[in-house]
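Asker: give me a 3D structure for the following:
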Amino acid sequence: MAEDLSKGKKTVELSGEEIPLIEGMEEDEEFLLARDLTSHFIKTIKAFRFYPLENPAIKGFKDQLYKRFQSFLNKYEIFKLQVGEYELSFKGKILYENRDPKSSIAFLFFKDGIRELRFVRDLEEWEIDGFMEVVRSSEAVNELEDDLVTLLWEKDFPHISYMATDEFLEETPILVPENIDQLRSKLIFKPLAYNVQVDLEEGEGDQDIDSLLSQIDHVAPLEDRNVYFLTPEEVDRLRGEVESEIDPSFVFRIIDTLFEIIALEKESEPFQEAMHVLEKVLDALVTLGEFKKASELLERLNIILKTYDLKDWQKEFVYQFIQKAGDENRIERIGRILDREEGIRVEDVRDYLMFLQTNSIPPLIKILGELKNSKTRRLICDVLSEIGKNSIDLFIPFLEDRRWFLVRNIIYILGRIGKEKAVSYMQKVLNHEEVRVRREVVQALGLIGGSKAISLLIKSLNDKDARIRSMAAINLGKIGKTVGLAALLEVVQSKDFQKREASEIKAFFDGIGMVGSNEAIPILQQLLERKSLFGLGKVDETRIWAAHALALIGTPEARAILERGQNSKEESIRKACLQALKLKPVKE
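Answerer: So this is what the prediction gives:
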């Protein structure tokens, strides 16, 4: 389709230098398919970045890419593409290389920390659409707020994943000067003449100090210049004082002293005074964004609680200190720092927040609803999933919040916590007007499981959104209960089921197969063998997915039907059974 637009118009080109030949691999079918798939993958990305979305060339590239993905994944199940700074590789062999950072597709992923892209069998067209939209939109977002990793995480594709590194872990800032010796080597102790002012014009700030001194040699010195010179002993003493004050360990020696008082002091007044000073130190560290040092401080307090023989009143003071570390005022201050996201390491903030107690949950949820950066929202969600494991009641009031995105995040957290108690509260938002909230509910129910979750998933099979119905079917299959199987079988036998989109039909049959029960075999066999009522093509699709479900069940009885079907007189039945017999059952 792209070729039709080539006359008189710009076209997407992929030079031969970008897709190198793989010597010695010409006969390897997997590498040849991988090379072809990578080529179309690159072309499609370039098309999405080059053409307007309404351009018909976009659909042509996308359709060709989807066909090649299906061809590869049906044979090899997973396609892993390693991402280098300027190249894309498959199993150690470079399939794409472009060393121009402005146009290199590899560099586009690499600069945001992505080191591997993975596509697995059952990849759907909407996932490719979403992936390309993410790549396209990544060029327009603020790099300080979002990146490809965050955008992909928010999409939560079921059949696309990635391996990423954190740029904060890969680069360590270097102080200038690098050490005190380098600082000393640049110190000049020769004094300026008396009562001389030197005005530096713009651009003269880096002149050598000797050249500046030479400009004022004509000034007559005072009679007693020794007044303005430091003796060697004075210089050494001054240098020692400066070094002691700029040395970071100076601060930690003070903290060490405070911890010794806390651990050993048995009198109330000095103990409380030490805790009060330590609280001021913690406030200063948080305000400055020094979350690594702040988390180390909380960690040491926890060690003191566990290893020292403290009196009850001392323990109570320490407990109160740790609780105050997560009070509303401090959390609001942390929220403002996270919104700026300047000069902080997200991992250090996470380490600090993980020491907090349950009193910090409501204020953390409050800033979760206010943060503009998706990366920091994900951080808060991860922290709340850990510190809120035994306090889900604190999350429930926020399910009634008017901000749909906050409700979705709360559902996400409850799903990760996995407490069955949360299911009854999720029922309130099962019919939420925002489709993205309902999708998150279905995902969370699949993670939690249990009879109540199954009941709600069955209700979601009738949702007005096709993707939610498909997700509900898959999650019913994952939970693996026969009560869910009955509901799935009822839907696939309904009169209008064959009129639905192919992706939804596939999802329901996948759910049936994932349950892995022989109870589904009679109905699947009937659907595999019955005659057409709605047109030959549609029945052929139904046969393919019915056979697929039998293969997923994988029991001897299910495989026996497939083995008989491969000898059927009807070609569509034979093909469906032969293709299904190549699949591995779920329980293997």
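
Asker: dump stretch 457-467 to PDB, restricted to CA.
Answerer: Once non-C-alpha atoms are left out, stretch 457-467 reads as follows in PDB (Å, rounded to 0.1, in the frame of the first residue of the first chain):
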ATOM      1  CA  LEU A 457     -16.200 -11.700  36.400                       C
ATOM      2  CA  ILE A 458     -19.200 -13.600  35.100                       C
ATOM      3  CA  LYS A 459     -21.200 -10.300  35.300                       C
ATOM      4  CA  SER A 460     -18.500  -8.600  33.300                       C
ATOM      5  CA  LEU A 461     -19.000 -11.100  30.500                       C
ATOM      6  CA  ASN A 462     -22.000  -8.900  29.600                       C
ATOM      7  CA  ASP A 463     -20.200  -5.600  29.800                       C
ATOM      8  CA  LYS A 464     -20.900  -3.200  26.900                       C
ATOM      9  CA  ASP A 465     -17.200  -2.900  26.100                       C
ATOM     10  CA  ALA A 466     -15.800  -5.800  24.000                       C
ATOM     11  CA  ARG A 467     -12.300  -5.600  25.600                       C
END
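
Asker: in it, what counts as buried?
Answerer: When neighbours are counted by 16 or more other Cβ atoms under 10 Å, the buried residues of stretch 457-467 are found to be 457-458, 460-461, 463, 467. In this view, the C-beta of every residue, glycine as well, is placed from N, C-alpha and C.

Asker: in this structure Leu301 contacts Phe317, no?
Answerer: No: checked against Cβ atoms under 8 Å, the pair Leu301 and Phe317 is beyond contact range at 10.3 Å.

Asker: rewinding a little: among the buried residues of stretch 457-467, which two are most distant?
Answerer: Greatest spatial distance in the buried residues of stretch 457-467: Ile458 and Arg467, 17.0 Å, computed using Cβ to Cβ.

Asker: go ahead and flag the most central residue of the protein.
Answerer: For the chain, the residue nearest the mean C-alpha position is Trp153 (4.4 Å; Cα atoms, centre = their mean).

Asker: distance check, that one against Gly113.
Answerer: In this structure, Trp153 lies at 12 Å from Gly113, with Cβ to Cβ, to the nearest Å as the measure.

Asker: who's in contact with Leu581?
Answerer: 551, 559, 562-563, 566 (Cβ atoms under 8 Å, 6 or more residues apart in numbering).

Asker: helices of the stretch 351-500 of the chain, start to end?
Answerer: Defined through DSSP state H, counting those that start in this stretch, the helices belonging to the stretch 351-500 of the chain, from first to last, are 361-368, 374-387, 404-417, 423-426, 435-448, 451-460, 466-479, 482-492.

Asker: show me where pLDDT drops low in the stretch 101-250 of the chain?
Answerer: By pLDDT under 70, the weakly predicted segments of the stretch 101-250 of the chain are 139-146, 166-231, 234-236, 238-250.

Asker: switch to 80 and redo it
Answerer: 138-147, 165-250 (pLDDT under 80).

Asker: that older thread, more crowded one of Leu301 and Phe317?
Answerer: For Leu301 versus Phe317, the count of surrounding residues by other Cβ atoms under 10 Å is larger for Leu301: 22 against 17.

Asker: what does the one helix or strand the more buried one maps to contact?
Answerer: When elements are assigned from DSSP states H and E, Leu301 belongs to helix 291-307. By Cβ under 8 Å, 6+ apart, the list of residues contacting helix 291-307 from outside reads 255, 259, 262-263, 278, 281-282, 285-286, 310, 315, 318-319, 321-322, 325, 344-345, 348-349, 351-352, 354-355.

Asker: before we move on, what about stretch 262-270?
Answerer: Residues beyond stretch 262-270 that count as contacts (Cβ under 8 Å, 6+ apart) turn out to be 261, 271, 274-275, 278, 301, 304, 308, 311, 313-314, 318.

Asker: let's see it at 10 Å
Answerer: By Cβ atoms under 10 Å, 6 or more residues apart in numbering, the surrounding residues in contact with stretch 262-270 are 261, 271-275, 278, 300-301, 303-304, 307-311, 313-314, 317-318, 321.

Asker: again with stretch 479-486
Answerer: So stretch 479-486 is in contact with 445-451, 453-455, 457-458, 461, 472-473, 475-478, 511-512, 514-517, 519-520, 523, 586, going by Cβ under 10 Å, 6+ apart.

Asker: so where's this structure shaky on pLDDT?
Answerer: Counting by pLDDT under 80, the chain contains low-confidence residues at 1-28, 49-57, 138-147, 165-266, 340-344, 480-481, 530-541, 583-588.

Asker: ok, which stretches of it are strands?
Answerer: Under the criterion DSSP state E, the chain carries strands at the ranges 78-83, 87-90, 93-97, 114-120, 160-164.

Asker: mind giving me CSV with these and columns for mean neighbour count?
Answerer: What follows is the strands of the chain, written out as CSV (neighbours: other Cβ atoms under 10 Å):
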stretch, mean neighbour count
strand 78-83, 19
strand 87-90, 21
strand 93-97, 20
strand 114-120, 17
strand 160-164, 17
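
Asker: quick one: Lys375 from Arg530, how far?
Answerer: Using Cβ to Cβ, Lys375 is found at 52 Å from Arg530.

Asker: quick one, helices of the stretch 51-200 of the chain?
Answerer: With DSSP H, counting those that start in this stretch applied, the stretch 51-200 of the chain shows helices at 56-76, 105-110, 125-138, 148-155, 167-170, 180-186, listed in chain order.

Asker: ok so, going back, filter the contacts of stretch 262-270 down to the buried ones and hand me the ChimeraX line.
Answerer: In ChimeraX, the members of the contacts of stretch 262-270 classed as buried (16+ other Cβ under 10 Å) are selected with the following command:
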select :261,271,274,275,278,300,301,304,310,314,317,318,321
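
Asker: which one of Lys375 and Arg530 has more residues nearby?
Answerer: When Lys375 and Arg530 are compared on other Cβ under 10 Å, the one with more neighbours turns out to be Lys375, at 19 against 12.

Asker: distance of the nearest residue to that one once chain neighbours are set aside from Ser374?
Answerer: Nearest residue to Lys375 in three dimensions, chain neighbours excluded: Thr150, at 4.7 Å (Cβ to Cβ, 6 or more residues apart in numbering). If you measure Thr150 against Ser374 using Cβ to Cβ, the figure is 5 Å.

Asker: what does Glu328 give?
Answerer: The separation that Glu328 has from Ser374, given Cβ to Cβ, amounts to 24 Å.

Asker: between those two, which has more neighbouring residues?
Answerer: The neighbour comparison of Glu328 against Ser374 (other Cβ under 10 Å) goes to Ser374, with 17 against 14.
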